[in-house]
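Undergrad: Here is the input, now give the coordinates:
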Amino acid sequence: MKIVYCAFNIDTASVELRFNDGTEISIYTPGVDDELCPSVPMQTEIDWLIYDKPLTYARLVFSG
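TA: You can find the predicted model right below:
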């Protein structure tokens, strides 16, 4: 499957992905943050990824 759309939705606090077969996935970012328990500097990096590079963020989430 190929990702055809990826963006951060500020209204739902989620990174949304759409694949070429029509499948959609939504990653609830506060839920991921709760699992990571990041430090303040790490949270800053994560926030930057969410807003500026949501596809990279999604790949990191999927890779564990």
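Undergrad: average pLDDT across the longest helix seen in the chain?
TA: Ranked by residue count and defined by DSSP state H, the top helix of the chain is helix 40-52. Confidence over helix 40-52 (mean pLDDT, whole number) is 90.
Undergrad: which residues sit against that helix?
TA: The contact list for helix 40-52, computed with C-beta atoms under 8 Å, 6 or more residues apart in numbering, reads Phe8, Val15, Thr29, Asp33, Leu36, Pro38, Thr56, Tyr57, Leu60. (Each C-beta comes from the backbone N, C-alpha and C, glycine too.)
Undergrad: Check which element follows it along the chain.
TA: Counting by DSSP states H and E, the next helix or strand C-terminal to helix 40-52 is helix 54-63.
Undergrad: Pull out the buried positions in that following helix.
TA: By neighbour count, and taking 16 or more other C-beta atoms under 10 Å as the criterion, the buried residues in helix 54-63 are Pro54, Tyr57, Ala58, Val61.
Undergrad: what's the last one in contact with, if anything?
TA: The contact partners of Val61, taken as C-beta under 8 Å, 6+ apart, are Val15, Ile27, Val32.
Undergrad: Who are the contact partners of Ile3?
TA: Applying C-beta under 8 Å, 6+ apart, the residues contacting Ile3 are Leu17, Arg18, Phe19, Asn20, Leu55, Ala58.
Undergrad: Going by neighbour count, which residues in the helix or strand of the chain with the lowest mean pLDDT are buried?
TA: The helix or strand with the lowest mean pLDDT-type score in the chain, counting by mean pLDDT, DSSP states H and E, is helix 29-36 (a mean of 86). Along helix 29-36, the positions that meet the burial threshold by neighbour count (16+ other C-beta under 10 Å) are Thr29, Val32, Asp33.
Undergrad: Serialize those to TSV and add fields for distance to Ile50.
TA: Supplementary listing: those in TSV, determined by distance: C-beta to C-beta, whole Å:
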residue	distance to Ile50
Thr29	6
Val32	9
Asp33	9
